[in-house]
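Peer 1: here is a sequence with its predicted model. Questions after.
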Amino acid sequence: GEDVEQSLFLSVREGDSSVINCTYTDSSSTYLYWYKQEPGAGLQLLTYIFSNMDMKQDQRLTVLLNKKDKHLSLRIADTQTGDSAIYFCAENTGNQFYFGTGTSLTVIP
Amino acid sequence: NAGVTQTPKFQVLKTGQSMTLQCAQDMNHNSMYWYRQDPGMGLRLIYYSASEGTTDKGEVPNGYNVSRLNKREFSLRLESAAPSQTSVYFCASSPTGDNSPLHFGNGTRLTVT
């Protein structure tokens, strides 16, 4: 559970969709999470998915989980400038969370 | 409803100085955590407390100590600060340690010169 990987940067135009990808390592993780960090702030929970689900939709957010490939993605529809932030995926193995390095999303007006 | 409160927000120390970072939560959560965030490395767990009265080491505990003072408060102490401890420190809490999402404070930005 210690090598959760994400690409570091993503730029999209306002109104387009953003897709942020993550690979995790522990197939026993029960929940997988997406957090958002705005400048100067802590991490806020955006959404999470239970490991027996393939997809979860929550308004503009869609989470896809491919358990076979240990791949998680977060799609943000109609991306807005307020979505500019760092996005972290995280897995929970027992009592510990492991976070990815974070993907810095820049939305270009 | 404050959630997780960390103090101070910013701190500058000289090498060898000591300090304690404070964290308190008002959500009646059992588990509390200290993370550090460094560029390109995500968040790394320093120590955690699964419940009042217990503490355990995380991934990077060297140079730190913790105290779970009561259910609400979990402090992080640097006895002899080093430049490698320059980082942003986040406290988090969760209802239980088992799969419950973490709730984060706004962080303490520490610089050690």
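Peer 2: Ah, there it is. Numbers count the residues shown, from 1 in each chain, chains lettered A, B, ... in the order given.

Peer 1: for the closest residue to chain A within chain B, give me phi and psi.
Peer 2: Ranked by C-beta to the nearest C-beta, the top residue of chain B for proximity to chain A is B:F104, at 3.5 Å. Heads up, the C-betas are built off the backbone N, CA and C, glycines and all. With angles defined as degrees, to the nearest 10, B:F104 sits at phi -100, psi 150.

Peer 1: for chain A, what lies in contact range of chain B?
Peer 2: A:2, A:4, A:8, A:30-31, A:33, A:35, A:40-45, A:48, A:88, A:90, A:92, A:94-97, A:99-102 (C-beta under 8 Å from any C-beta of the partner chain).

Peer 1: which residues of chain B lie near chain A?
Peer 2: B:4, B:31, B:33, B:35, B:40-45, B:48, B:50, B:56, B:58-59, B:90, B:92, B:97-99, B:101-107.

Peer 1: buried subset of those residues?
Peer 2: Among the residues of chain B next to chain A, the ones that count as buried by 16 or more other C-beta atoms under 10 Å in any protein chain shown are B:4, B:31, B:33, B:35, B:42-45, B:48, B:50, B:58, B:90, B:92, B:97, B:99, B:101-107.

Peer 1: inside helices: which ones of the residues you listed?
Peer 2: Assignment to helices by DSSP state H places none of these there.

Peer 1: which of these fall within strands?
Peer 2: B:4, B:31, B:33, B:35, B:42-45, B:48, B:90, B:92, B:103-104 (DSSP state E).

Peer 1: pull the helix or strand with minimum mean pLDDT from chain A.
Peer 2: Ranked by mean pLDDT, DSSP states H and E, the weakest helix or strand in chain A is strand A:96-99, scoring a mean of 85.

Peer 1: pull up the pairing partners for it, direction included.
Peer 2: Strand A:96-99 has the following strand partners under DSSP bridges: strand A:85-93 (antiparallel).

Peer 1: for the record, mean pLDDT for the partner strand?
Peer 2: Taken as a whole, strand A:85-93 carries a mean pLDDT of 91.
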